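>>> no FASTA, just this:
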Ligand SMILES: Nc1ncnc2c1ncn2[C@@H]1O[C@H](COP(=O)(O)OP(=O)(O)OP(=O)(O)O)[C@@H](O)[C@H]1O
């Protein structure tokens, strides 16, 4: 296209884009008016209030979506074989009623798919794909790809028939932009193999394996946005996105909002158990051990060990009463049948044991002990039948299950005796001792703090050395590896909600009482007022006022879901998933029982103690859902030269591993700098000063132990991991998933010496979009010997 032709095209597109923005402005006004109306609506019944709240939420959401679509509203155009034209953008727009013709297709709509996947070989009915570049509301450029030369009879000068890339110019421009410390969406330049992942069915587990910089993170986030748009069941329950670190979450936090999505919770695996923030760092072998699947069985047994069928002896009213272990076991069995979890079953257990004790006290226990094999249920049913009769109906001598009881201290006395028993601290402490109410924290502290308990729970599962690794003094804080164990424990223990249900019911009663009072005073006001001085609308019904008085939950979706351990999501996205332990996978699959997950990672970048080497092995034990695997093969971040430099490291990790094909080349070969043994920091600082690109980002990636001293040495480097700073110093674990314009890897031998050190070095080297320099003291490790000095 000649420059003047291009100008004409830009002008033509500007007209259309103006029309789109005019429609957006119109919709904004409409939404604002509806919002004002909704806020002023008068109805005051509970139902009115709920409806008002729902429509305010919906309209606010729409207003936010329109605001978010403002930048880059329209970025693509498809010219179809049948002469129709479709525009593609960040949100869908239609002309006003009655026409309602589509003006702009949401990028996730089925009709927009061709924008990402059409090629000359398979053009999906598209003759021309056009990328529109815009700044604010102004069109600044167009880039065309002709997918059917015949249709246009064009010269084909812009077409590279062999290219695998869609919108190459736009893609290269996007990739060449300086990194800002915040990931951007890639909705305008998503490539065909990526689009396949984004739109894949939500059923089952989709594993996306790919080398560094192949767009796994970007694609997983676009997939979340796609599923929220296309699958109502996912939108209803929301999406959980799990990343490797809070620094990483900061890095990706803008992407989904920029795509208009808010039904998303971002978390690290550390954050999966609300109320616990890990503060303790543990040695790798402890982390590995705590992550093993065997720990699930250890916890099952630890809970079972807290449910003790032992003889119970209580002193009550000056007398000693005994229940033999057999009776207590029968109560325990019955309780376990009645409820799956320890704390919930505990209520039944206590009721049964109390009843048995009460019977013992009133002398009715005899027969029960005899017939314990019959089970509590039959026995108690008979007692309950007799209790349901009024005491007046109970004869002085009753015969219950063959037991003759004196009517005065007989069966009808049981509830009273039970209450008395429950008020006796000796009795409650005896009951608590055999089946205590437990929090997950208590269970783990007791288990790890007491070698006997640990030995009992782990017999045949862990050896003595492993038990010693797990031992920890109570109160010493929580580690990241404890989080999935707490979650597992919470699952086994459950929550007895009877009391909170009772509290809620009491709260409702209180609200109704309040309402009655107010209504009464309103009536008085009405009586006192002359004529029509009192607004009849002010005379509310009892139900209205109760509803108003009831506390409303004004938290956002993400706040509510994140605070609720038992929230189940419509879909879960896991990034850097190769690092997750078996125990963490268990916790995550509980968050999505349907098993709808996108799992992205690279088994070659595994660097933690639990890192997986095979997706099948890591996932299959945790789900019966189908596991599909898709591979991304093109590297968008790391230039060809850097990828070549990192290849020997990858080959040392896995000789059969395939290297992603880089789309870019910088012509800059990675280099190495040899520092004097006592001047690593000085050499790193000097290298950073030389390498750092103006207006771009630079990272020094160093062994964790050297990070503090290098942060001190490097000018401008913050003490933490603030990615908005121009220069940061990070460990390989902190750098995971991130990218920078320039990377300096410091002391590679120190990185390699750490557990899974080669994987960590591979991560460190592949963070750059531009230059890579390795600074080392002493001998250069073999895998880097090829770097030019
Ligand atoms: N289609 C695309 N268009 C524009 N940019 C892209 C595209 N695909 C990937 N990128 C960019 O490439 C870079 C790497 O992407 P991303 O971080 O998602 O890769 P990754 O596979 O998760 O890498 P790693 O395994 O190293 O964490 C990002 O800057 C991303 O925006």
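Alright, I've got the coordinates. These numbers come from a predicted model, not from an experiment.
>>> For the rest of this, base every contact and every neighbour count on C-alpha atoms.
Fine.
>>> Stretch 601-613: end-to-end distance?
11 Å (Cα to Cα, to the nearest Å).
>>> ok, the closest residue to the ligand within the stretch 601-750 of the chain - contacts?
The nearest approach of the stretch 601-750 of the chain to the ligand comes at residue 737, 3.3 Å away (Cα to the nearest ligand atom). For residue 737, the contact set (Cα atoms under 8 Å, 6 or more residues apart in numbering) comprises 217, 248, 576, 767.
>>> Can you give me the neighbour number for residue 267?
Neighbourhood size, residue 267 [other Cα atoms under 10 Å]: 19.
>>> Revised request: answer the last question for residue 564.
Neighbour count for residue 564, taken as other Cα under 10 Å: 13.
>>> Relative to residue 782, how far out is it?
Taken as Cα to Cα, the span from residue 564 to residue 782 is 50 Å.
>>> So which residues of the stretch 251-400 of the chain form strands?
Taking DSSP state E, counting those that start in this stretch to define them, one finds strands in the stretch 251-400 of the chain at 264-268, 312-316, 319-323, 397-400.
>>> Tell me which of those strands sits most buried.
strand 264-268 (a mean of 20; mean count of other Cα atoms under 10 Å).
>>> From the rest of the structure, what touches it?
For strand 264-268, contacts defined as Cα under 8 Å, 6+ apart pick out 238-246, 249, 253, 557-559, 561-562.
>>> again, only this time at 10 Å
Contact partners of strand 264-268, identified using Cα atoms under 10 Å, 6 or more residues apart in numbering, comprise 224-225, 228, 235, 237-250, 252-253, 256-257, 480, 557-562, 569, 571-575.
>>> same deal with stretch 638-645?
With contact meaning Cα under 10 Å, 6+ apart, stretch 638-645 is reached by 212-214, 635, 637, 646, 650, 659-671, 739-741, 762, 765-773, 783-788.
>>> out of those, which are buried?
Taking 16 or more other Cα atoms under 10 Å as the criterion, what is buried in these is 212-214, 635, 637, 646, 650, 659-664, 669-671, 739-741, 762, 765-773, 783-784, 787.
>>> and the ligand, which of the strands of the stretch 251-400 of the chain is closest to it?
Taking Cα to the nearest ligand atom, strand 264-268 is the member of these nearest to the ligand, at 15.0 Å.
>>> And residue 683, how far from residue 777?
The gap separating residue 683 from residue 777 is 10 Å, by Cα to Cα.
>>> Looking at these two, which has the bigger crowd around it?
Higher neighbour count among residue 683 and residue 777: residue 683, with 21 against 18, using other Cα under 10 Å.
>>> so who does the closest residue in space to the more buried one that isn't next to it in sequence touch?
Nearest non-adjacent residue to residue 683, counting by Cα to Cα, 6 or more residues apart in numbering: residue 675, 5.8 Å away. Going by Cα under 10 Å, 6+ apart, residue 675 touches 681, 682, 683, 684, 747, 775, 776, 777, 778.
>>> Out of these, the closest to residue 118 would be?
residue 775 (44.8 Å; Cα to Cα).
>>> Sketch out the low-pLDDT regions of the stretch 51-200 of the chain for me.
Applying pLDDT under 70 to the stretch 51-200 of the chain picks out residues 149-164.
>>> thinking again about what came up before, of the buried ones among the contacts of stretch 638-645, which ones also sit close to the ligand?
212, 213, 214, 637 (Cα under 6 Å from any ligand atom).
>>> Give the buried residues for stretch 715-725.
So stretch 715-725, judged by 16+ other Cα under 10 Å, has buried residues 717, 718, 721, 722, 723, 725.
>>> Grab the two from those that are most spread out in space.
Spanning the widest gap among these are 717 and 723, at 10.1 Å by Cα to Cα.
>>> Return every residue with contacts to both of those two.
Shared contacts of residue 717 and residue 723 (Cα under 10 Å, 6+ apart): 698, 699, 729.
>>> which SS class is residue 696?
Of the three states, residue 696 takes coil under DSSP: H, G, I helix; E, B strand; the rest coil.
>>> ok, which residues in the stretch 651-789 of the chain are in contact with the ligand?
Residues of the stretch 651-789 of the chain lying near the ligand by Cα under 6 Å from any ligand atom: residue 737.
>>> Show me the helices in the stretch 651-789 of the chain, by range?
Ranges of helices within the stretch 651-789 of the chain are 680-691, 707-713, 732-735, 748-752, 757-765, based on DSSP state H, counting those that start in this stretch.
>>> Need those helices in a markdown table (columns: mean pLDDT).
Below are the helices of the stretch 651-789 of the chain laid out as a markdown table (pLDDT from 0 to 100):
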| stretch | mean pLDDT |
| --- | --- |
| helix 680-691 | 96 |
| helix 707-713 | 96 |
| helix 732-735 | 93 |
| helix 748-752 | 97 |
| helix 757-765 | 95 |
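>>> now those helices in JSON lines, with distance to residue 497?
Converted to JSON lines, the helices of the stretch 651-789 of the chain look like this (distance: least, Cα to Cα, whole Å):
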{"stretch": "helix 680-691", "distance to residue 497": "57"}
{"stretch": "helix 707-713", "distance to residue 497": "47"}
{"stretch": "helix 732-735", "distance to residue 497": "40"}
{"stretch": "helix 748-752", "distance to residue 497": "50"}
{"stretch": "helix 757-765", "distance to residue 497": "46"}
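>>> and the helix or strand containing residue 115, is it in reach of the ligand?
Assigned by DSSP states H and E, residue 115 belongs to helix 114-117. No. Helix 114-117 does not reach the ligand (Cα under 6 Å from any ligand atom); its nearest approach is 9.4 Å.
>>> Residue 773 reaches residue 673, doesn't it?
Yes. Under the criterion of Cα atoms under 10 Å, residue 773 makes contact with residue 673 at 7.3 Å.
>>> next one: phi and psi at residue 94?
Residue 94 has phi and psi values of phi -130, psi 160 when expressed as degrees, to the nearest 10.
>>> Oops, could you answer that again for residue 86 instead?
Taking degrees, to the nearest 10 as the convention, residue 86 sits at phi -120, psi 140.
>>> Repeat that for the one 10 residues further on.
When read as degrees, to the nearest 10, the backbone of residue 96 gives phi -60, psi 160.
>>> For the residue nearest to residue 781 when sequence neighbours are not counted, the count of nearby residues, please.
Distance criterion Cα to Cα, 6+ apart; nearest residue to residue 781, sequence neighbours excluded, is residue 749 at 6.1 Å. Number of residues near residue 749 (other Cα under 10 Å) recorded here: 21.
>>> Listing request: residues of this protein with sub-threshold pLDDT.
For the chain, the stretches with pLDDT under 70 are 1, 42-44, 46, 149-164, 364-411, 499-500, 503-505, 507-554.
>>> For it, which residues are neighbours of the ligand?
Neighbours of the ligand within the chain, by Cα under 6 Å from any ligand atom: 171, 174-175, 184, 186, 189-191, 210-218, 636-637, 737.
>>> Now the stretch 451-600 of the chain against the ligand: closest residue?
For the stretch 451-600 of the chain, the residue closest to the ligand is residue 576, as judged by Cα to the nearest ligand atom, at 7.0 Å.
>>> Contacts only, for residue 29.
Going by Cα under 10 Å, 6+ apart, residue 29 touches 23, 35, 63.
>>> In three-state terms, label it for me.
Residue 29 falls in the helix class when you classify it by three-state DSSP.
>>> what's the answer for residue 643, then?
For residue 643, the assignment made with three-state DSSP gives helix.
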